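Trainee: Output the structure for:
(chains A, B, C and D)
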Protein chains: 2
Amino acid sequence: MQLTKAFEQGVCVMAMLTTQIPSIPVASATIHQRLGTSPTYTQKIVRKLVVSGLATSVSGQGGGFCLAKASKEISCLDVVEAIEGPVVTFPDSQLLHHAFAHSNGLANLASANSVVYQTFAKADEQWRKVLSNVSIADIIHDSLHGEKLTFVDWNEM
Amino acid sequence: MQLTKAFEQGVCVMAMLTTQIPSIPVASATIHQRLGTSPTYTQKIVRKLVVSGLATSVSGQGGGFCLAKASKEISCLDVVEAIEGPVVTFPDSQLLHHAFAHSNGLANLASANSVVYQTFAKADEQWRKVLSNVSIADIIHDSLHGEKLTFVDWNEM
DNA sequence: GAATTCGTACTCGGATAGTGCTTGTCCGAGTCCAGCCGG
DNA sequence: CCGGCTGGACTCGGACAAGCACTATCCGAGTACGAATTC
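Mentor: Sure, this is the predicted structure:
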């Protein structure tokens, strides 16, 4: 069970936007060139960040993408859910319910379905909790090992 | 991000084995008929439970599968890892590292890779912790709503 | 009547299709900016 | 001057193709048990 690689790209994009000089948007071309990824696919991923309200887009010449809010206001979980949608690990196709609904004597086993569902819901909740307590700013800060953050213009590099 | 449907089948199998009269193995045919799933694929899933030490197999006529140990000694996490293998949610293909390793001034951003990795490792750990505290016996018990567990022979039903 | 053979029922495990989601491409449409006119 | 055209650079967003992991099938091999066979 893994997140998709699209999420990994999403994290990279957020890192670029965070370290970008705030007044200058990062162009789509700049992003996929730096990441070495597919131009159009990466564009779609960035678009998800925009739709989720983590980034803003600027059309036209000199356009691109900017961070929508302070990086300390954006958690890892926000990025996960922007790219992957809501996280529900138990693939509830009601198999337990269907398997045991018509069994003599043990028909109550059918309700194991919701018991399992709720157990995984709790586990998911804990997973989300950890990620919601770590912001993009925290990630950047911890990466720099005390070095001071300097904004750059990725378009120029 | 979801577990596979194979896992859901695995849970159903464990539920059957737990409620089966301990001295009689459950035949492979019995399992896939009750679940309404693919015979051969379900067989492969059960096999994974055997390899992981959650179930035992009996060859030959009258053969089938039994629980390898008491159901209260088997956690949800055991079943997850038997079917899915170890759970690592961050798909670490070193994209962050490669993207920023050769950037002027911000090369330290490359180490964000391991920071993110460890963040997700913590989240995964919490997820596992919840599941390891819930046993198959707990699931069965909570499903029965106070009704007493009666063992049956699924082969006969 | 006991050992051997045989048949049946079952699991083991690899090779190999089918399917659906992730990944990637293409293209038309919309938007913004800058420079070029014409009044 | 300055207001409106025009072209280029860019994002928007859907339709569609490719790749890969999950799902599913098939088949040969191994194993246990019981019944028939043989001496």
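
Trainee: Which of the helices or strands spans the residue nearest the centre of chain A?
Mentor: Centrality entry for chain A: nearest residue to the mean C-alpha point is A:V80, 2.1 Å, by Cα atoms, centre = their mean. Using DSSP states H and E, A:V80 maps to helix A:76-84.

Trainee: what is the mean pLDDT for that helix?
Mentor: Here helix A:76-84 scores 97 as its mean pLDDT.

Trainee: Equivalent analysis for stretch A:140-151, please.
Mentor: Taken as a whole, stretch A:140-151 carries a mean pLDDT of 91.

Trainee: Residue ranges in chain A under the pLDDT threshold?
Mentor: Applying pLDDT under 70 to chain A picks out no residues at all.

Trainee: Would you map the helices across it?
Mentor: A:5-19, A:28-35, A:39-51, A:76-84, A:95-100, A:112-132, A:136-143 (DSSP state H).

Trainee: Between helix B:5-19 and the longest one, find me the angle.
Mentor: In this case it means helix A:112-132. Per axes from the mean of the first three to the mean of the last three Cα atoms, to 10 degrees, the angle that helix A:112-132 makes with helix B:5-19 is 130 degrees.

Trainee: coming back round to it: quick one: the helices of chain A as a markdown table, columns for distance to chain B too.
Mentor: To be clear about C-beta, it is placed using only N, CA and C from the backbone, and glycine gets the same treatment. Converted to a markdown table, the helices of chain A look like this (distance: least, Cβ to the nearest Cβ, whole Å):
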| stretch | distance to chain B |
| --- | --- |
| helix A:5-19 | 5 |
| helix A:28-35 | 5 |
| helix A:39-51 | 11 |
| helix A:76-84 | 6 |
| helix A:95-100 | 5 |
| helix A:112-132 | 4 |
| helix A:136-143 | 4 |
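
Trainee: Now distance to B:F65 too, for those, in TSV please.
Mentor: Converted to TSV, these look like this (distance: least, Cβ to Cβ, whole Å):
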stretch	distance to B:F65
helix A:5-19	37
helix A:28-35	48
helix A:39-51	44
helix A:76-84	35
helix A:95-100	16
helix A:112-132	19
helix A:136-143	46
